[in-house]
Each structure stands twice: as structure tokens, then as C-alpha cells.
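Asker: sequence and predicted structure, then a few things I'm wondering about:
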Amino acid sequence: MTTIADPPRTLARSTGSPATPPRGTALADSATIAEGTMDVVGPPVPGSEEILTPAALEFLALLHDQFADARTELLLTRQRRTREIAAGADPDFLPVTRAVREDSSWRVAGAAGAPGLSDRRVEITGPTDPKMTINALNSGARVWLADAEDASSPTWENVVGGQRALRSAIRGELTFEAPSPDGRTPGKRYALNTSELTKMPTIVFRPRGWHLFESHLAYTGTDGSTQPASGSLVDFGLYLFHNAAELIERGRGPYFYLPKLEGHREARLWNEVFELAQETLGIPRGTIRATVLIETLPAAFEMEEILYELREHCAGLNAGRWDYLFSVIKCFRNRGDSYVLPDRAQVTMTAPFMRAYTELLVATCHRRGAHAIGGMSAFIPDRRNPEVTEQAFAKVQADKEREAGDGFDGSWVAHPDLIPVARAAFDEVLGKRENQVERLRDDVTVGQAELLDVASARREGATITEAGLRTNISVGVRYIASWLRGTGAAALDSLMEDAATAEISRSQVWQWIHCHTVTDDGVAVTRELCESMLREFLRSTPRSRGDRVDDAAAIFREVAMGDEFPPFLTTSAYARYF
Ligand SMILES: CC(=O)SCCNC(=O)CCNC(=O)[C@H](O)C(C)(C)COP(=O)(O)OP(=O)(O)OC[C@H]1O[C@@H](n2cnc3c(N)ncnc32)[C@H](O)[C@@H]1OP(=O)(O)O
Ligand SMILES: O=CC(=O)O
Ligand SMILES: [Mg+2]
């Protein structure tokens, strides 16, 4: 069997024999197993008692005992690598893992033994507040990506409330009453159409990426030092702890999307987390399934290795186009004009370098028995505006037809009204088949040159415009304000905006300033110009109490217009305000 050169880390300590969990509250009666402690330092919020139980906190402490240091190390590796690329070192396929790529004998677990994951033709995504949870589970999609990441603002209320909604939905119990529209008539009532999990979309939960902290939980290690918890381990750990046994009992399983990985060592860390978590909760090894988002440029060069590291737990890869674009800008932010991308709206999935990435993803997945899942078109319908809706349907239809034709096994939609459009595109190609994993794309010959041909976007005629700059500023500030108010996905100018799309807006402004870009309509992009556009935007924006627009503008100045390039706008905003 092929091996990857560096051996897996040895876990610091053995956890002994697996505990047998009572349904839904594994470890409740078990002896102390964690060496460190996890303390709640945030205020009580609705759901705290149900979610932050002593046993759940102990499970989180155990995950931090074992993995907090490795996470920190990997984040430092990321920073080093991004700096090297920004300074001129092109990413490439790794020589040390050549054997893994060339060994054609291994496959991932895929959907085998993972009920509800064979047919993923339409996946709806969205945050986990009770109303969206019910609407998504009633939507008729095959899968619901329950999102604690790009679509989520990680307020403490949202983190705990989202876990509570999921816990209750999985047990078929979730209901919700919207606030009264006028203070007299009752608000709209929401309930699940069915309490049978197997009749709902399969739930795939996306925890926060490795870079994010959860500052309302403090981990104290055996050396006595205290640090904020990892957002990834908190989200993953709470979801698994409360729901794994229930999901299995009800005919589904603990399934995850893993965001923003930058390489196979990060995948290995997740695999180790899965192994320990399964063992500790008494879940059979290999029960967890992960679909990894390939949404950073470095990860595009390690797709095979990522699949390999997670092979016992891996269901597939997803083409996360928005973070991918953000990552391309981040990596090449200082590399001069030939790496400068055109207006956000003009970079489409048919730009050669984007096409290269998705083609390679499909080919890689199918060679290894993994599902290839497509991404999100940002066009959303507007039930009050048929013209906008018609345009969104046409754009989404073209996007999904291209993906299905290229060999993807399914794809994402942002809104329930888009489900029939995406389904029709995949039905047309899949017919009665559940997926097209058997369709090998041996015709794909994508290499380093194709993946790095960022200049191809502008060669195809796309431009940089003054209007594009203004849009980036306006969208960036409005999205950050929404995020600070606790809403992580928003409809702005008839487009879905979330943390990933907002990252593109702000990083593009940073890149244009630092590369001394002159727009195709002859405007030199400078910090002073951006500042004056920002002020103009603030003057012309109607304001209300608590709208957080000024706070958002302060964040925007820091992440888009500063000397340094903060790696994520969410980490900057979280550190300042959460
Ligand atoms: C880059 C990436 O990571 S993409 C993945 C992350 N992004 C996302 O998941 C975005 C998901 N989409 C959304 O959050 C929403 O569609 C938005 C914010 C873009 C638009 O939402 P709204 O402004 O509420 O849209 P609209 O008013 O048309 O919604 C109509 C109904 O559909 C529901 N709805 C809309 N989108 C969704 C969704 N994704 N899931 C479940 N229900 C939804 C609304 O709750 C609303 O229900 P109601 O009639 O009971 O009030
Ligand atoms: O997470 C998805 C993306 O496009 O980013
Ligand atoms: Mg993303």
C-alpha cells in the first residue's frame, strides 16, 4: 500500500476502550477521560443547558487535548506557505506524494455504507437557525448542507442555537413561530413536513474552518495555559456528540463538509479527529463521511492526497468556487498585473483557470470512487420580481447544465426555488442513475500551468471597472454589517452574499490598491480613491439604530485598505466585536 512520506502523528494518549453511548448523550456516565478542561465563558443563551452539558464539554476538552496543538502548527504552516506564494513561489503538485497520485489501486469509502449519500444531485445550503432549518428540510432537495461556515455569523447565540435546532430537527421535533408581524396577529408557524429522517434531505453539517476560534469556550490544557476553543472542533464535536447515535438509529449518519483546507496534512488532522471521536463515542470506525471543499489554490494541487488521507471517511470533493477565487487573489495579491483578476462579476466558471480546476476535481474524484459536487451560483430568485427570478433561473440552469455535463454528481443551490432548475439539469444527464461516479474523465490533462493561468480571465475580455470597485466597497461593507448583526448570508443586489463572496470583494480592493491597478475605464485605484468612495457610500446609505454600518466600514478599512493583508475578514471582525 502506498504511504505518504511523513507518518501520522501519534496521539498523545490512549483513550482506552470505547464507551457505549446512550442515544444522543454519549459519555454521559463515563469516567473522566479528558485531561484538560473546557469552560463556558460566554453568557447563557437559549439552548445552553441542552447543548453545553458537562459530558459534551468533556468531549470537546478531549478533542482539544489531542488536536489543539496540531491545529496551531498547521495554521502556522499555512501562513508560511501563503507568504511564500505571495513572494513568488508558485504552488505545484508535491514531489513527495507522487507515489500516492500514481498508485491507481486505492479508492475512498464513498457512499458505500453511508445511507442517504448516493444520490446528491441537488443540495440546498443555508444557516441553521430554526426557520431556515425547517425550510431546508421541507425543501425537497436530496441533501441539506447545514452551514456553520460561510453562511453563518458565529455569534454565540447562533452557535448554540444552531446546534439546538439541528438536535431537535434530527429528532423530528423542531418547530418555530416567527415574530408577530404587527404585535397583534400571531406570527407564521413552521413545522417539519415529516419526523422521519429518511424522508428529509440528508443532513451534511459544515463546521467552521480551522482558522476560526470560539471565544465563548475556553480550553485549559494540562500545562495550565488557557486559550479560546477551536471553532472547528466545537462545531464538529457538539454536532457529533449530540446526534451521531440518533442519526445512525434513524437511518442516516454523521456527515460533514470540511471547509477551507489548504493541504493534505489538514485532511490528515481531520481524519485523526474522526478516528478518536468515533472510538470515544463508540461509533464504528468509518461511519463518519466527509466531503472536502476544494476551495483554496494550494488544495487544488493536493486533491489526490486529501482523498487519500481521508479515504476511510471520504465521500467526495466539492468545488467551492467563491473561496477558491478568494484564495487565488490572496495567494497572488502582490504578484503584479498579470495576476490581477477582473471585476468579481466578470470572473465566471468558464474562465480557463476556473474550468481547469473543476475539470481536475471531477477527474480526480471519479478515479477514486468519490462524488464530485458542484458549487454555488450566486444568482437568486426574488419572489416579488419575476424579471430577476427569470434571470436567476437562466443563469443557474446554464451553470448546472455545464456541471452535469462535465461529470459532477450533484450541485448546490442557495434558494428553494432553484431546486427544480438544478434537478432538471442533473436528471437530464443522470436519468435513473444515482450519480455518475463511474464516468472517468481520462481526457482531462490539467497541470500546474492551467491551474495557475489566472491571466486567462482577462485574456477572455473581462475588465476591471470603476463600477466594479464601487460594487466591491458597497457589497463588502453591507455584508460585514449583516454579519455583525448576526446574519451570515444575505441577498444583496439580487445576489447571494456570504463570507466567501465578501472575501473576494475586500481582497480584490486590496489587490487593486497594492498592484497600482488602473481600471479599463482609466481610473487609478488608490487608497485615497477607495476612502472617498467608502465615504460617499456611507453618506448615501440610509441608516438605522443598530445597523452596524460604521463598524462594518471600520472592518472594511482594515481588511481591504490596510498595509497588511489580514488572512480572513471574519477573524478580524470576530476578534474586534465578538
Ligand atoms: C460560498 C458558499 O459557501 S455558498 C453556501 C453558503 N451560502 C448559503 O448557504 C446561502 C443560502 N441562502 C440563503 O441564505 C438565502 O437564500 C438568502 C439569504 C440568500 C436569501 O434569503 P431570503 O432573502 O430570505 O430569500 P426569500 O425571501 O426569497 O426566501 C423565500 C423563502 O425561502 C426560504 N429560503 C431562502 N433560502 C433558503 C435556504 N437556503 N434554505 C432554506 N430556506 C430558504 C426563506 O426562509 C423564505 O421562507 P419564508 O417564506 O418561510 O419566509
Ligand atoms: O463554500 C463554498 C465556496 O464557494 O466558497
Ligand atoms: Mg467556502
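Answerer: Structure received. Numbers count the residues shown, from 1 in each chain. Ligands and ions are numbered 1, 2, ... in the order given.

Asker: need the residues of the protein near ligand 3, please.
Answerer: Within reach of ligand 3 by C-beta under 5 Å from the ion, the chain has these residues: 150, 295, 320, 323, 500. Using the backbone N, CA and C atoms, a C-beta is placed for each residue, glycine as well.

Asker: can I get those residues in TSV with neighbour count, secondary structure and pLDDT?
Answerer: Converted to TSV, the residues of the chain next to ligand 3 look like this (neighbours: other C-beta atoms under 10 Å; DSSP: H, G, I helix; E, B strand; the rest coil; pLDDT from 0 to 100):
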residue	neighbour count	secondary structure	pLDDT
150	30	coil	98
295	27	coil	98
320	27	coil	98
323	26	helix	98
500	26	helix	98
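
Asker: dump the residue contacts of the nearest residue to residue 344 once chain neighbours are set aside.
Answerer: Leaving aside its chain neighbours, residue 344 sits nearest to residue 504 (5.3 Å; criterion: C-beta to C-beta, 6 or more residues apart in numbering). Contacts were defined as C-beta atoms under 8 Å, 6 or more residues apart in numbering; by that measure residue 504 touches 322, 325-326, 329, 344.

Asker: likewise residue 275?
Answerer: residue 285.

Asker: where in the stretch 151-300 of the chain is pLDDT low?
Answerer: Within the stretch 151-300 of the chain, no range satisfies pLDDT under 70.

Asker: neighbours of residue 239, how many?
Answerer: Using other C-beta atoms under 10 Å, residue 239 is surrounded by 27 other residues.

Asker: what backbone torsions are found at it?
Answerer: Main-chain dihedrals, residue 239, degrees, to the nearest 10: phi -60, psi -50.

Asker: for it, give me its contacts.
Answerer: Applying C-beta under 8 Å, 6+ apart, the residues near residue 239 are 163, 166, 205, 207, 254, 256.

Asker: and the residue of the stretch 101-250 of the chain found nearest ligand 2, what does it touch?
Answerer: With C-beta to the nearest ligand atom as the measure, residue 150 is the residue of the stretch 101-250 of the chain nearest to ligand 2, at 4.9 Å. Residues near residue 150 by C-beta under 8 Å, 6+ apart: 206, 259, 322-323, 488-489, 498-500.

Asker: kindly format the C-alpha coordinates of stretch 402-412 as CSV.
Answerer: Extracted in CSV, the C-alpha atoms of stretch 402-412 (Å, rounded to 0.1, in the frame of the first residue of the first chain):
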residue,chain,number,x,y,z
ARG,A,402,-22.4,22.7,-17.5
GLU,A,403,-21.6,20.9,-14.2
ALA,A,404,-23.8,17.9,-15.0
GLY,A,405,-22.3,17.7,-18.5
ASP,A,406,-18.8,17.9,-17.1
GLY,A,407,-19.4,14.9,-14.8
PHE,A,408,-20.3,16.4,-11.5
ASP,A,409,-22.7,14.1,-9.5
GLY,A,410,-24.7,16.9,-8.0
SER,A,411,-24.5,20.6,-7.1
TRP,A,412,-25.5,23.3,-4.7
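
Asker: report whether that stretch contacts ligand 2.
Answerer: No: using C-beta under 6 Å from any ligand atom, stretch 402-412 never reaches ligand 2; the gap is at least 7.7 Å.

Asker: which positions in that stretch come out as buried?
Answerer: Counting neighbours by 16 or more other C-beta atoms under 10 Å, one finds that the buried residues in stretch 402-412 are 402-404, 406-412.

Asker: out of those residues, list just those in helices.
Answerer: Residues of the buried residues of stretch 402-412 located in helices (DSSP state H): 402-404, 406.

Asker: about what we covered before: tabulate the contacts of residue 504 (CSV), appending secondary structure.
Answerer: Shown next, in CSV, are the contacts of residue 504 (DSSP: H, G, I helix; E, B strand; the rest coil):
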residue, secondary structure
322, helix
325, helix
326, helix
329, helix
344, helix
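
Asker: contacting ligand 1 as well, which ones from these?
Answerer: Applying C-beta under 6 Å from any ligand atom, the subset of the contacts of residue 504 adjacent to ligand 1 comprises residue 322.

Asker: return the distance of the helix ranked longest in the chain from the chain's centre.
Answerer: As assigned by DSSP H, the longest helix anywhere in the chain is helix 54-86. How far helix 54-86 lies from its chain's middle: 17 Å, per C-alpha atoms, centre = their mean, to the nearest Å.

Asker: buried residues, it. List them.
Answerer: Applying 16+ other C-beta under 10 Å to helix 54-86 flags 55-68, 70-71, 74-75, 78, 81-82, 85-86 as buried.

Asker: from residue 210, how far out is the nearest residue to residue 220 once chain neighbours are set aside?
Answerer: For residue 220, ignoring the flanking residues on the chain, the nearest one in space by C-beta to C-beta, 6+ apart is residue 226 at 4.6 Å. According to C-beta to C-beta, to the nearest Å, residue 226 stands 20 Å off from residue 210.
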